[in-house]
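Chemist: Have a look; sequence and predicted model below, questions after that.
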2 protein chains.
Amino acid sequence: MEDGRWAKMRELKFIETIMEMVKKPSKGVKIGIGDDAAAVEYSWGKYLLLSADMLIEGTHFDLKKASLKMVGRKAVAVNISDIAAMGGIPRYVLVSIGMPKKFNARAVKEFYKGIKEISREYGVDVIGGDLNRSKTLVVDVSIVGFVEKKFMITRSGAKAGDLVLVTGPVRNGRRTHLNFAPRFRESRFLATGYKVNSMIDVSDGIGVDLMRVCKASGVGCKIFSDAVPLSRGLSLKDALYYGESFELLFTMPARDAKKLLLDLKEGESDLNYFIIGEIVQKKEGCWIIKKEGRKEKLRMDGFRHF
Amino acid sequence: MEDGRWAKMRELKFIETIMEMVKKPSKGVKIGIGDDAAAVEYSWGKYLLLSADMLIEGTHFDLKKASLKMVGRKAVAVNISDIAAMGGIPRYVLVSIGMPKKFNARAVKEFYKGIKEISREYGVDVIGGDLNRSKTLVVDVSIVGFVEKKFMITRSGAKAGDLVLVTGPVRNGRRTHLNFAPRFRESRFLATGYKVNSMIDVSDGIGVDLMRVCKASGVGCKIFSDAVPLSRGLSLKDALYYGESFELLFTMPARDAKKLLLDLKEGESDLNYFIIGEIVQKKEGCWIIKKEGRKEKLRMDGFRHF
């Protein structure tokens, strides 16, 4: 998976190339390439949300370690997570599969068991897709969801003075990356009840993904290393720069964050949210603040320099 | 590509397995797996159309023969063709790519040139997707379109007595399969002006695809071999059982077909439609009628038995 990270850096560059090429979408497109999902006009009060994620054997999973059912589950889960990161409700998925010759009907069933399981859990319908032959297993799921315009949360709304929060102890992607629960309930609780300025799902580490938010919003950030909740055995380095956690990372004005934590204390929800940092002016840059005030610059390619 | 056909037969079986597993979609789903695109409730007068198609290096194209631009173009074109086959209007695409390590920014640009070109031609916006590393090039495009409920055409509405038509000389998939023009204008002209009972885009040969329509509609068919318009050098066998033509195949009541051809004669459109057969009762089966009345049974796996 180290390899996957390296590829991620090229991906960032290529995505910029692509964004440059397709930069003038028509006016029905509210959000195009560059957020967790695209948003297009749907009705006076709602946007249609659209996203796609591809999982490739050898790059994202290893069939010697992962069951087909778990791969199917994850392929849908990462997409539900993208819709959740916009504050939206997932509804439909298309599942395209490139399948090795050796796959038989039982393998297809096993794979679809995972897809069915998570689709049922999140109220999503599998309505189509494609099936082809490939040398290695490839799955591309695209998802359609909805979000009330007033509830949509993007990457680009973070403001200096916001606090940075995360929906749970950063999960250890190395262990849980196939079997995670997308933070849909957490997202809707936030989107419908609080002022949230920006949100992203943590696919590449809270350091990398918070920098994405900062870049899109034109701000800087500080992460307080002591405040970052870590799942057991997870190092800070992995939390910052290792992906596949799929927690939601979001920013909100300090007074709203206070209200959120107070509400939780008073038992209004069993959900968890943790403050891990703050948004600052762009010129201040992006930093991780360590014990005794020692600080280090956050880097998009941090895993290579940490 | 012979191999691709063999895989197609397994695909048919696997799709049945999958349809069995996901057969109870919620009530917002008008059409799920099994047509050219899925249709879900959008507004009182419209459905949202959704479809996805995956192209895999080695299975669908060979980069020694095809330029990246052409592959990008085709990846979007096959999806536009799916929306056209429902009588709909394509609007947005998501493009997921699994990309070999050797790809550089120039390769990405070249690929996206084809995507941009056809998107512009058909008024489609590229609004998202995914980018990953893969051993061989894989492209999965998913498309979102719309169709007025009253204009939607499915595979399942063919009726005994309908005539069977095709939008043009069956194209030689072996030659044109990368650089074809989806029959969007032809589709909208039909959908908005005539009574069309069923439609499909020809991806596996008019024989195979007409049998799909017959199966979905619970009817039989006769194709008149002399009436099948062939592009230069194309054999009847290839027209019936070889894919990648992407013409539209449709059925309509005889009086409506007559009206259509009369309207064309009177210059109401520059489009082409050809009558190639008729729909009969299911019990009569599916046949190709050759010269002097000799007939042969159509077969889903016809290319192996022709």
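Modeler: Nice, thanks for sending it over.

Chemist: Now do the helices in the stretch 201-306 of chain A.
Modeler: Remark: helices assigned in the stretch 201-306 of chain A by DSSP state H, counting those that start in this stretch are A:206-217, A:236-241, A:254-265.

Chemist: least reliable of the ones you listed going by mean pLDDT?
Modeler: Set side by side, the helices of the stretch 201-306 of chain A give their lowest mean pLDDT on helix A:236-241, at a mean of 86.

Chemist: And that helix, what does it pack against?
Modeler: Helices and strands touching helix A:236-241, by 3 or more C-beta pairs under 8 Å, 6 or more residues apart in numbering or on different chains; DSSP states H and E, are helix A:206-217. To be clear about C-beta, it is placed using only N, CA and C from the backbone, and glycine gets the same treatment.

Chemist: could you dump stretch A:114-134 to PDB, C-alpha only?
Modeler: Only the C-alpha atoms of stretch A:114-134 are listed here, as PDB (Å, rounded to 0.1, in the frame of the first residue of the first chain):
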ATOM      1  CA  GLY A 114     -21.200  -7.800   0.700                       C
ATOM      2  CA  ILE A 115     -22.800  -5.300  -1.600                       C
ATOM      3  CA  LYS A 116     -26.300  -6.400  -0.600                       C
ATOM      4  CA  GLU A 117     -25.400  -6.300   3.100                       C
ATOM      5  CA  ILE A 118     -24.200  -2.700   3.200                       C
ATOM      6  CA  SER A 119     -26.800  -1.500   0.800                       C
ATOM      7  CA  ARG A 120     -29.500  -2.800   3.100                       C
ATOM      8  CA  GLU A 121     -27.900  -1.300   6.100                       C
ATOM      9  CA  TYR A 122     -27.900   2.200   4.500                       C
ATOM     10  CA  GLY A 123     -31.100   2.000   2.500                       C
ATOM     11  CA  VAL A 124     -29.400   2.000  -0.900                       C
ATOM     12  CA  ASP A 125     -30.700   0.300  -4.000                       C
ATOM     13  CA  VAL A 126     -28.400  -1.500  -6.500                       C
ATOM     14  CA  ILE A 127     -29.900  -0.400  -9.800                       C
ATOM     15  CA  GLY A 128     -27.400  -1.300 -12.400                       C
ATOM     16  CA  GLY A 129     -23.800  -1.600 -13.500                       C
ATOM     17  CA  ASP A 130     -21.600  -3.600 -15.800                       C
ATOM     18  CA  LEU A 131     -19.900  -6.900 -15.800                       C
ATOM     19  CA  ASN A 132     -16.700  -7.700 -17.800                       C
ATOM     20  CA  ARG A 133     -13.700  -9.800 -17.900                       C
ATOM     21  CA  SER A 134     -10.400  -8.500 -16.600                       C
END
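
Chemist: do that stretch and chain B meet at all?
Modeler: Yes. For stretch A:114-134 and chain B, the contact criterion (C-beta under 8 Å from any C-beta of the partner chain) is met by A:116, A:119, A:123, A:125-134.

Chemist: ok, now stretch A:106-113?
Modeler: Yes. Contact of stretch A:106-113 with chain B (C-beta under 8 Å from any C-beta) involves A:108, A:109, A:112, A:113.

Chemist: Number of residues surrounding the last one?
Modeler: Read that as residue A:113. Other residues lying near residue A:113 total 17 when counted by other C-beta atoms under 10 Å in any protein chain shown.

Chemist: Distance to residue A:138 and mean neighbour count added to the helices of the stretch 201-306 of chain A, as a markdown table?
Modeler: Below are the helices of the stretch 201-306 of chain A laid out as a markdown table (distance: least, C-beta to C-beta, whole Å; neighbours: other C-beta atoms under 10 Å in any protein chain shown):
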| stretch | distance to residue A:138 | mean neighbour count |
| --- | --- | --- |
| helix A:206-217 | 24 | 23 |
| helix A:236-241 | 26 | 22 |
| helix A:254-265 | 40 | 15 |
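
Chemist: and the ones you listed as TSV, adding distance to residue B:203?
Modeler: Below are the helices of the stretch 201-306 of chain A laid out as TSV (distance: least, C-beta to C-beta, whole Å):
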stretch	distance to residue B:203
helix A:206-217	39
helix A:236-241	44
helix A:254-265	51
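
Chemist: looking at the ones you listed, which is closest to residue B:298?
Modeler: helix A:206-217 (54.0 Å; C-beta to C-beta).

Chemist: For the closest one, enumerate the helices and strands it packs against.
Modeler: If you count contacts as 3+ C-beta pairs under 8 Å, 6+ apart, helix A:206-217 packs onto strand A:198-201, strand A:220-224, helix A:236-241, strand A:248-253, strand A:274-280, strand A:286-289.
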